[in-house]
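Asker: the following block contains a protein sequence and its predicted model.
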Amino acid sequence: MSEPALVIDKLEKTYAGGLRALNGVSLAVPQGDFFALLGPNGAGKTTLIGIVTGLVNKTGGKVSVFGADIDKEVERARTFIGLVPQEVNMNPFEKPLDILVNQAGYYGVPRAIAIPRAEQILKDLGLYEKRDKGSNTLSGGMKRRLMIARGIVHEPKLLILDEPTAGVDVDLRRSMWDYLTTLTKKGVTIILTTHYLEEAEQLAKHVAIINKGEIAAQGTMDEVLALHDESAHEGGYRGGKLEEVFLQLTRPDAPKP
Amino acid sequence: MTTYQIWISFYTIIRKDVLRMFRIWPQTFLPSVITSALYFLIFGAFLGSKIGDVHGVPYVMFVVPGLVMLAVVTNSYANTSFVMFSSKFFGRNIDEILVSPTPAWVLVAGFVAGGLVRGILIGTLVLAV
């Protein structure tokens, strides 16, 4: 069996103010998987992603990416990862092509290789016509696509998407999912956080639900969906099956895992 | 990262910064040139004409090196601090580099080199004035 793309073992994070964002989180993401990391706002998803990508310092536990420990082999671990953050964080005056070529440069990809690669990605994501315009002239959806392009330009083996479709219209969301699905077919492992649970239900092979800094459930999508308890439904609006499981596991009076 | 990859990363940081400087040249180069020209006019021409020569050397010759270095130092510092603070607190695009395998010392060296380039360019311009 191949080595997991990501292994997290008893991960802990307590912020300076005393907030305990992660409390012994452990999970493993298989290679080539489309993995959904779900949880309510403030559950610890972004903190977890921040630790894996090196933006947040952990206070305990271990993380390894394709076998590279993020403490001992920082550079090697980061080479494997591509990040699409929750917030649009790019220089608004830079051109999309420059943003991609520079990003590849930070990973040591020479411009001669990065330019044609960046152009191809911009074509694939429908941004080629805007390659020489300031990124502040792009629409919200275009900025989101550019963030995905920036996350994949160095050809990572593990792509982490932190709510990439927040505020994106349905048509665009579908095209983004189609594109990301083609990446998984090429062997890229994808970790996705989203609040669109029906999309996670369709796309992900494995899922973990995190609540208050702890894993409430994890496994294959079928295993997690099997936790659905019809009697837990409190009446009113009924969502998809994953949504019902999610609510069941994350409501304030939910039993601790 | 290999030495070659580190060099590419360093080159990317400095190239991006230098292109930014030239893209907004009215903000990066022009103010220093105007300020220095005014200083030369006030301290060199007006004040210098009252003071005259000092031990046979015109007063303005004492002022020139100081004003050039003033422009070099303030611009180098301003460039480095602006690039770091704007990318950390405004666009938050410093994360682009922080998530990459680029070592911290390369990031610092890139920012410092950007400041160095701007300082040298400004110093040359002020000297030409």
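Answerer: Nice, I can see it.
Asker: can we go C-alpha only for contacts and neighbour counts from here?
Answerer: Noted.
Asker: what strand or helix carries the residue nearest in space to the middle of chain A?
Answerer: Note on chain A: the residue nearest the mean C-alpha position is residue A:161, at 2.5 Å, using Cα atoms, centre = their mean. Taking DSSP states H and E as the definition, one finds residue A:161 inside strand A:158-162.
Asker: report all helices and strands that that strand contacts.
Answerer: Here strand A:158-162 touches helix A:45-53, strand A:81-84, strand A:189-193, going by 3 or more Cα pairs under 8 Å, 6 or more residues apart in numbering or on different chains; DSSP states H and E.
Asker: now tabulate these in CSV and tack on distance to residue B:80.
Answerer: Output for these, formatted as CSV (distance: least, Cα to Cα, whole Å):
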stretch, distance to residue B:80
helix A:45-53, 25
strand A:81-84, 26
strand A:189-193, 35
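Asker: how about a markdown table for those, with mean neighbour count and mean pLDDT added?
Answerer: Output for the helices and strands packed on strand A:158-162, formatted as a markdown table (neighbours: other Cα atoms under 10 Å in any protein chain shown; pLDDT from 0 to 100):
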| stretch | mean neighbour count | mean pLDDT |
| --- | --- | --- |
| helix A:45-53 | 21 | 94 |
| strand A:81-84 | 25 | 95 |
| strand A:189-193 | 25 | 95 |
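Asker: of the ones you listed, which is nearest chain B?
Answerer: Of all those, helix A:45-53 sits nearest to chain B, with 5.6 Å by Cα to the nearest Cα.
Asker: do that closest one and chain B meet?
Answerer: Yes: residues of helix A:45-53 are located near chain B by Cα under 8 Å from any Cα of the partner chain, namely residue A:53.
Asker: strands along chain B, start to end?
Answerer: Using DSSP state E, the strands of chain B run over B:53-54, B:57-58.
Asker: and for the stretch 151-257 of chain A?
Answerer: A:158-162, A:189-193, A:206-211, A:214-220 (DSSP state E, counting those that start in this stretch).
Asker: now do residue A:216 against chain B, distance only.
Answerer: Note on residue A:216: its distance to chain B, by Cα to the nearest Cα, to the nearest Å, is 28 Å.
Asker: pLDDT value on that residue, please?
Answerer: We have a pLDDT of 90 for residue A:216.
Asker: got it, and residue A:23?
Answerer: Per-residue confidence (pLDDT) for residue A:23: 92.
Asker: that one bridge partners, please.
Answerer: Beta-bridge pairing for residue A:23 (DSSP bridges): residue A:12.
Asker: quick one on the thing from earlier: wait, the residue nearest to the centre of chain A touches residue A:191, no?
Answerer: Yes: counting by Cα atoms under 8 Å, residue A:161 does reach residue A:191; the two are 6.1 Å apart.
Asker: burial of the closest residue to residue A:11 other than its chain neighbours, as a residue count?
Answerer: Counting by Cα to Cα, 6 or more residues apart in numbering or on different chains, residue A:61 is the residue found nearest to residue A:11 once chain neighbours are left out, at 4.1 Å. Around residue A:61 there are 15 other residues, counting by other Cα atoms under 10 Å in any protein chain shown.
Asker: can you pull the contacts of residue A:61?
Answerer: Counting by Cα atoms under 8 Å, 6 or more residues apart in numbering or on different chains, residue A:61 touches A:8, A:9, A:10, A:11, A:12, A:24.
Asker: try it again at 7 Å.
Answerer: Each residue near residue A:61 by Cα atoms under 7 Å, 6 or more residues apart in numbering or on different chains is listed here: A:9, A:10, A:11, A:12.
Asker: which residues of the stretch 101-250 of chain A fall in helices?
Answerer: Listed in chain order, the helices of the stretch 101-250 of chain A (DSSP state H, counting those that start in this stretch) span residues A:111-124, A:140-152, A:170-185, A:197-203, A:221-225, A:241-250.
Asker: how about these in JSON lines, adding mean pLDDT?
Answerer: Formatted as JSON lines, the helices of the stretch 101-250 of chain A follow (pLDDT from 0 to 100):
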{"stretch": "helix A:111-124", "mean pLDDT": "96"}
{"stretch": "helix A:140-152", "mean pLDDT": "92"}
{"stretch": "helix A:170-185", "mean pLDDT": "89"}
{"stretch": "helix A:197-203", "mean pLDDT": "89"}
{"stretch": "helix A:221-225", "mean pLDDT": "89"}
{"stretch": "helix A:241-250", "mean pLDDT": "84"}
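Asker: contact residues of chain B facing chain A?
Answerer: B:1, B:5-6, B:8-9, B:12, B:91-93, B:96-102 (Cα under 7 Å from any Cα of the partner chain).
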